[in-house]
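Asker: what would the 3D arrangement of this be:
(one chain, ligands or ions: 1)
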Amino acid sequence: MADDDDFSFPTLSPPAKVPLTAASTVVDRSNGKQAAAPVPVNQVSASRRPNVGRPGKVPLEKGYSQVEWMMKSRRQPNLTGVEGFQRHLTMEDVRKHNTEEDAWVVVKRKVYNISPYLRFHPGGVAILRTVFGKDASAMFAKYHPWVNIDALLQNCWVGVLDAPTNKEGAPVGG
Ligand code: HEM
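Answerer: Model (predicted):
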C-alpha cells in the first residue's frame, strides 16, 4: 500500500506570456494570406469619404437644437403659413416664395415652407438660401438621403405639386 504522505497536487506550468502590443488585441484570421496594402486616404474616391468636399454641419445658435425644433413643432401644428392643404401647386407658385421670411422648397413633389426651420437646420441657413423657391430634391438627396423629412417638416408641409415628375421625384420641366 502506497504511503499517503507522498501525495502532492500536480502543478501546471504557467501560460506562455504574450507581449501586449496592438497586434495582440486582434485575432489573426488571415490564414497566412497577405493583406492588401492600405489605400492612402487621399486616393479613396470622394464619394467614399463622407466628409471630404462636404460643407458639413454648422454650429447652431442657442435654442435651435433638434430637440427644440421637435418641441416647437409640437406646440405649433401649423407652420406652413397658409390655411389648408394645397393640392394643386405649380413650380410657378413655389418660385414666388423665395425669401427668408417666406421660403418654400420642393422635395420629392412635396412643397414645404422651411422658414420656421431655417435656424434649426444642422447644415446652416446659407446653404438653404440657394434653394428658396426651388426644387431641392437633388440637393437633399446629395447631402442626406437618410434624413426623414416627412417627420421633421410634417408641420411645414404646404401641399403637393400638381406636375409630372421624373423617376427621382423632381418635377419635369420645373
Ligand atoms: C428642406 C429640408 C431639409 C431638412 C429637413 C434637412 C435636415 C437636415 C438634418 C437633420 C441634417 C443633419 C443630418 C445628420 O446629422 O446626419 C442636415 C444636415 C445638412 N444639410 Fe440639410 N436638410 C434639408 C435640406 C437641405 C438642403 C436643400 C441642403 C443643400 C442645399 C442641405 C444641406 C445640408 C448639409 C450640407 C448638412 C450637413 C451635412 C454633414 O454633416 O455633412 N440640407 N440637414
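Asker: next, the contact list for the residue most central in space within the chain, please.
Answerer: The centroid of the chain falls nearest to His144 when counting by CA atoms, centre = their mean (4.6 Å). Going by CB atoms under 8 Å, 6 or more residues apart in numbering, His144 touches Gly123. C-beta here means a position set from N, CA and C on the backbone, and glycine is covered the same way.
Asker: which phi and psi does it have?
Answerer: Backbone torsions of His144, given as degrees, to the nearest 10, read phi -160, psi 70.
Asker: how close does it sit to Ala151?
Answerer: Note on His144: its distance to Ala151, by CB to CB, to the nearest Å, is 13 Å.
Asker: go on, Pro10?
Answerer: Note on Pro10: its distance to Ala151, by CB to CB, is 66 Å.
Asker: before we move on, what about Leu161?
Answerer: 20 Å.
Asker: please apply the same query to His121.
Answerer: Relative to Ala151, His121 is positioned 15 Å away (CB to CB).
Asker: also Val106?
Answerer: Note on Val106: its distance to Ala151, by CB to CB, is 18 Å.
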